[in-house]
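Give me a model of this one.
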Amino acid sequence: MMHERFWPVPRLTRIATLVAVITIIASACATTRPSVEQWQPTWDRVVAGIPPQEVVGENPPRQLCDETLVFLRTSRPDLSPTPDLAVDDTVREWIDIAEDAFFECPPASQQVGSFAQAYDLLARLQAEVDLVLDMDRGS
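Numbers count the residues shown, from 1 in each chain. Down below sits the predicted model:
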């Protein structure tokens, strides 16, 4: 055949190479999600790591905000991947809102104008995550 002359590698070697490349790409793209039981303690730890709204108030000391922000930023990688694709964006939004609120200290953006607003949004998002996790557990 004409193409054999331009690509002298034996056909079996080309096929084996192609299969190896596809396998490497597939394994690199595949994300193994933890079970709800494996992931839940991490989620609970991060949620509990946010100081209660009563402690934060509307104008907390900068040190409290900085410590919370460090905690959130170091915890972010532990929350991914989530056990269910349905909560990926919700968890990401939860951590983004919490980080933004404690970075601004007090929050003053159009999306979140106060800590009270931030805590309301965080509670709503947490309830969404917990609902999906309960459904995944079959509760």
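
Every contact and neighbour count from this point should use C-alpha atoms.
OK.

can you give me the helices in this protein?
2-6, 11-29, 36-48, 53-56, 62-75, 88-104, 115-137 (DSSP state H).

Which one, of the ones you listed, ends up nearest to T82?
Closest to T82 of the helices of the chain, according to CA to CA: helix 88-104, at 6.0 Å.

what's the closest of the helices of the chain to P81?
Nearest of these (CA to CA): helix 88-104, 7.5 Å.

What is that closest one packed up against?
Contacts defined by 3 or more CA pairs under 8 Å, 6 or more residues apart in numbering; DSSP states H and E place helix 88-104 against helix 62-75, helix 115-137.

Highest mean neighbour count out of the helices of the chain?
Ranked by mean neighbour count under mean count of other CA atoms under 10 Å, those are led by helix 88-104, which reaches a mean of 18.

Now do that one against helix 36-48, angle only.
If you take axes from the mean of the first three to the mean of the last three CA atoms, to 10 degrees, helix 88-104 sits at 20 degrees to helix 36-48.

Render the CA-only coordinates of helix 88-104 in PDB, please.
Output in PDB follows, covering the C-alpha atoms of helix 88-104 (Å, rounded to 0.1, in the frame of the first residue of the first chain):
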ATOM      1  CA  ASP A  88     -20.200  20.900  42.200                       C
ATOM      2  CA  ASP A  89     -21.400  24.400  41.300                       C
ATOM      3  CA  THR A  90     -23.300  24.900  44.600                       C
ATOM      4  CA  VAL A  91     -20.200  24.000  46.700                       C
ATOM      5  CA  ARG A  92     -18.000  26.200  44.500                       C
ATOM      6  CA  GLU A  93     -20.500  29.100  45.000                       C
ATOM      7  CA  TRP A  94     -20.700  28.500  48.800                       C
ATOM      8  CA  ILE A  95     -16.900  28.700  49.100                       C
ATOM      9  CA  ASP A  96     -16.700  31.700  46.800                       C
ATOM     10  CA  ILE A  97     -19.300  33.700  48.800                       C
ATOM     11  CA  ALA A  98     -17.700  32.800  52.100                       C
ATOM     12  CA  GLU A  99     -14.200  33.800  50.800                       C
ATOM     13  CA  ASP A 100     -15.500  37.000  49.300                       C
ATOM     14  CA  ALA A 101     -17.300  38.000  52.500                       C
ATOM     15  CA  PHE A 102     -14.300  37.400  54.800                       C
ATOM     16  CA  PHE A 103     -11.900  39.000  52.300                       C
ATOM     17  CA  GLU A 104     -13.900  42.200  52.100                       C
END
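
I'm done for today, thanks for sticking with me.
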